[in-house]
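coordinates only, no sequence provided:
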């Protein structure tokens, strides 16, 4: 006789689906700073600053606690927090599955719930949240806990579940505004249970009150901003700055631009979904969709509406790291997949008396169920293993190695600047060198940051800065502004900063042209950057200072961010090759040409 797992509390299974991914995440976790927002967020957790919009107050404060009490370097403390949060997100998914599948009343149902939870935890996008610091790990956890209680409310009509779900949903907004993806689904679920007249019930006033109570965490942002912390994005101590910040106004240019791009985004999600679930997972999703809509219509619509809202919004948002925005849709598809597995087991069970009585047959099903996450583990491990990954840090170190003491560099690409914020201000690496993000230079709060931390580089440019801020003010206040004047004063400000610094320190850039600004000086390739000079002259540089070994020794193909960052090095190497040839340094030109060939092989994913 086989053990009746369904009669047991799911504590052991919950512990297993949390612990097993945690072990895998630990083995593959990045020990250094990552691309995207990793460096900036780690610095904000360390200094308790205000991160980029929409501010993420709950994440920053949890991150501060992690920095205070976890062991190891600051960046790994933040990565460890992500590991823990993502592992418990797997546990939250298991709780949802165990509740949704409870109607099957099978001894194998809880194993199916555990199997699909682990399967989802080891899918590439989910796994990525557990190995490097980002806000999405906490967003996923709080959202799934909210979904769990709303699902329980649908199944049991217990008001405590409604209250917990409402509070957690509000709390999730204090992490990331993508929690709005749940709005349509929650509204449908509540109306489907009590009807429109039922919305006047007092319990929903309590639920709304708990939701509002949770989002009051956003009061942290203006309060903390008033003390002018390390990074103070949008200067949100003012009302306009606060509204700009929590609404992410600066990102709207990348949203809902065209129907064509939306369909492109939907197509991309379809490809992403296949990489997460594969053919087997896709088959179970189809089976689960059909059976859940037949047997649990309210919950089926609930999860389908989560997917619909997520996909429509995210497919209209053009950013590189959009994959993480699809986490709720991926989780919902995992729920349909689990329902499909449970429905398939029930079908086999109902059709075969041998399965009902045979220990061997049930054991075979259990082995097959546990094989699902094992297949994902084996197939995804090589690409997800970032335990020796240090591309972002090496990219910054190469820029710094190219700069002479007290150098100043205008930087294009957040994947260089964000890691530098951590390396410079937390680890205090090369405190003499200053990097300026040319995109952030178009924001008033960033000029305030530079004034506080590097006032010497702005000396002599206060008049130009004041003119730019005056032209920028209506733009940041959502009022009518003068675009030509804004561009003109922006260029004048940069020209002034360069002219007032170039005689006192070496000035560099890592880009040769930009949409809003082109340097007036000659750009001499030195290492991986370009030194700004009034005329062409020979500047020696030791190529051995540039280290690309981390890219050459990786056994994996590079993703788009890694290739984009390395392409800056390649372009600088090719520019240096041509520069040396023009000045008659043929030996050096050949060494740079060889270096460029090494870079090209990496970019083309060819063996050395």
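Perfect, thanks for sending it. As the structure is a prediction and not an experimental result, all values here were calculated from the model. Numbers count the residues shown, from 1 in each chain.

now the helix or strand harbouring residue 571: buried residues?
Using DSSP states H and E, residue 571 maps to helix 560-582. Neighbour-count burial for helix 560-582 flags 561-563, 565-566, 568-577, 579-580 (criterion: 16 or more other Cβ atoms under 10 Å). To be clear about C-beta, it is placed using only N, CA and C from the backbone, and glycine gets the same treatment.

packing partners of that helix?
helix 391-401, helix 414-425, strand 522-526, strand 529-533, helix 586-603 (3 or more Cβ pairs under 8 Å, 6 or more residues apart in numbering; DSSP states H and E).

next up, the contacts around residue 224.
48-50 (Cβ atoms under 8 Å, 6 or more residues apart in numbering).

how close does it sit to residue 232?
8 Å (Cβ to Cβ, to the nearest Å).

any common contacting residues for these two?
Counting by Cβ under 8 Å, 6+ apart, the residues touching both residue 224 and residue 232 are 49-50.

surely residue 480 is within a strand?
No - under DSSP: H, G, I helix; E, B strand; the rest coil, residue 480 sits outside any strand and is assigned coil.

can you tell me the SS state at the nearest residue to it once chain neighbours are set aside?
Nearest residue to residue 480, sequence neighbours excluded (Cβ to Cβ, 6 or more residues apart in numbering): residue 474, at 6.2 Å. Following three-state DSSP, we place residue 474 in the helix state.

how many other residues sit next to residue 474?
Counted by other Cβ atoms under 10 Å, the residues lying close to residue 474 total 13.

show the pLDDT at it.
Looking at residue 474, its pLDDT is 89.

domains for this protein, by residue range?
Domain assignment for the chain by automatic domain parsing gives 5-384, 391-603.

ranking the ones you listed by burial, who's on top?
domain 5-384 (a mean of 20; mean count of other Cβ atoms under 10 Å).

could you dump the helices and strands packed on helix 560-582 to a markdown table with mean pLDDT?
Formatted as a markdown table, the helices and strands packed on helix 560-582 follow (pLDDT from 0 to 100):
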| stretch | mean pLDDT |
| --- | --- |
| helix 391-401 | 93 |
| helix 414-425 | 94 |
| strand 522-526 | 92 |
| strand 529-533 | 94 |
| helix 586-603 | 91 |
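
chain center to stretch 441-457: distance?
With Cα atoms, centre = their mean, to the nearest Å as the basis, stretch 441-457 stands 26 Å off its chain's centre.

show me what the mean pLDDT comes to for it.
Stretch 441-457 comes out at a mean pLDDT of 93.

what is the end-to-end distance of that stretch?
Stretch 441-457 has an end-to-end distance of 13 Å (Cα to Cα, to the nearest Å).

and the contacts of it?
Residues contacting stretch 441-457 (Cβ under 8 Å, 6+ apart): 228, 231-235, 241, 250, 408, 410, 434, 436-437, 440, 458, 465, 469, 472-473, 476, 490, 493-494, 497, 501, 516.

list the residues that contact the spatially closest residue to residue 545 that is not a sequence neighbour.
Once flanking residues are discounted, residue 545 sits nearest to residue 401: 4.2 Å by Cβ to Cβ, 6+ apart. Contact partners of residue 401, counting by Cβ under 8 Å, 6+ apart, are 527, 545-547.

residue 288 reaches residue 344, doesn't it?
No - applying Cβ atoms under 8 Å as the test, residue 288 and residue 344 come out as separate, 9.1 Å apart.

any idea which helix or strand in this structure has the lowest mean pLDDT?
Lowest mean confidence among the helices and strands of the chain (mean pLDDT, DSSP states H and E): helix 353-357, at a mean of 54.

what helices or strands is the following helix or strand past that one leaning on?
Reading on from helix 353-357 to the C-terminus, the next helix or strand found by DSSP H and E is helix 359-384. Here helix 359-384 touches helix 11-28, helix 109-121, helix 124-129, helix 259-295, helix 327-351, helix 353-357, going by 3+ Cβ pairs under 8 Å, 6+ apart.

can you add distance to residue 160 and give these back as CSV?
Formatted as CSV, those follow (distance: least, Cβ to Cβ, whole Å):
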stretch, distance to residue 160
helix 11-28, 20
helix 109-121, 22
helix 124-129, 29
helix 259-295, 25
helix 327-351, 22
helix 353-357, 37
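
of the ones you listed, which is nearest residue 169?
Among the helices and strands packed on helix 359-384, helix 327-351 comes nearest to residue 169, with 11.9 Å by Cβ to Cβ.

quick one: distance of the closest one to the chain centre.
On the basis of Cα atoms, centre = their mean, helix 327-351 sits 28 Å off its chain's mean C-alpha point.

tell me what angle it forms with helix 259-295.
Interaxial angle of helix 327-351 relative to helix 259-295 (axes from the mean of the first three to the mean of the last three Cα atoms, to 10 degrees): 30 degrees.

counting by contacts, list what helix 327-351 packs against.
Under the contact criterion of 3+ Cβ pairs under 8 Å, 6+ apart, helix 327-351 touches helix 74-100, helix 109-121, helix 124-129, helix 136-156, helix 259-295, helix 297-314, helix 353-357, helix 359-384.

worst mean pLDDT among those?
Lowest mean pLDDT within the helices and strands packed on helix 327-351: helix 353-357, a mean of 54.

what sits against the nearest residue to residue 114 once chain neighbours are set aside?
Leaving aside its chain neighbours, residue 114 sits nearest to residue 13 (4.9 Å; criterion: Cβ to Cβ, 6+ apart). Contact analysis of residue 13 by Cβ under 8 Å, 6+ apart lists 5, 94, 98, 110-111, 113-114.

so which residue is dead centre in the protein?
By Cα atoms, centre = their mean, the chain has its centre lying nearest to residue 134, at 5.1 Å.

name the helix or strand for that residue, please.
Residue 134 belongs to no helix or strand, assigned by DSSP H and E.

correct me if wrong: it contacts residue 79.
No - between residue 134 and residue 79 no contact is recorded; they are 9.5 Å apart, counting by Cβ under 8 Å.

related to what we said a few turns ago, residues contacting the residue nearest to residue 480?
480-482.

tell me which of these is nearest to residue 269?
residue 481 (35.5 Å).

just say helix, strand or coil for residue 435.
Under three-state DSSP, residue 435 falls in the strand class.

hang on, isn't it packed against residue 418?
No - in this structure residue 435 lies outside contact range of residue 418 using Cβ under 8 Å: 10.6 Å.

what is the end-to-end distance of stretch 390-408?
Rule used - Cα to Cα; the end-to-end distance of stretch 390-408 is 24 Å.

show me how far it is from its chain's centre.
24 Å.

and the angle for the helix or strand hosting residue 67 with helix 74-100?
Here residue 67 sits within helix 57-69, counting by DSSP H and E. Orientation check (the same axes, to 10 degrees): helix 57-69 against helix 74-100 gives 120 degrees.

by contact count, what packs against helix 57-69?
Applying 3+ Cβ pairs under 8 Å, 6+ apart, one finds that helix 57-69 makes contact with helix 38-47, helix 74-100, helix 136-156, helix 220-225.

out of these, flag the one nearest residue 327.
Smallest distance to residue 327 across those (Cβ to Cβ): 5.0 Å, for helix 136-156.

what's the angle between that closest one and helix 11-28?
Per the same axes, to 10 degrees, the angle that helix 136-156 makes with helix 11-28 is 160 degrees.

centre of the chain to helix 136-156, how far?
For helix 136-156, the separation from the chain centroid amounts to 20 Å (computed by Cα atoms, centre = their mean).

which helix or strand lies directly C-terminal to that helix?
Per DSSP H and E, the helix or strand that comes after helix 136-156 is helix 159-173.

pull the residues that contact that following helix.
Helix 159-173 is touched from outside by 58, 139, 142-143, 145-150, 152-153, 179-180, 182, 186, 203-204, 206-208, 210-215, 217-218, with contacts defined as Cβ under 8 Å, 6+ apart.

now do it against helix 136-156, angle only.
160 degrees.
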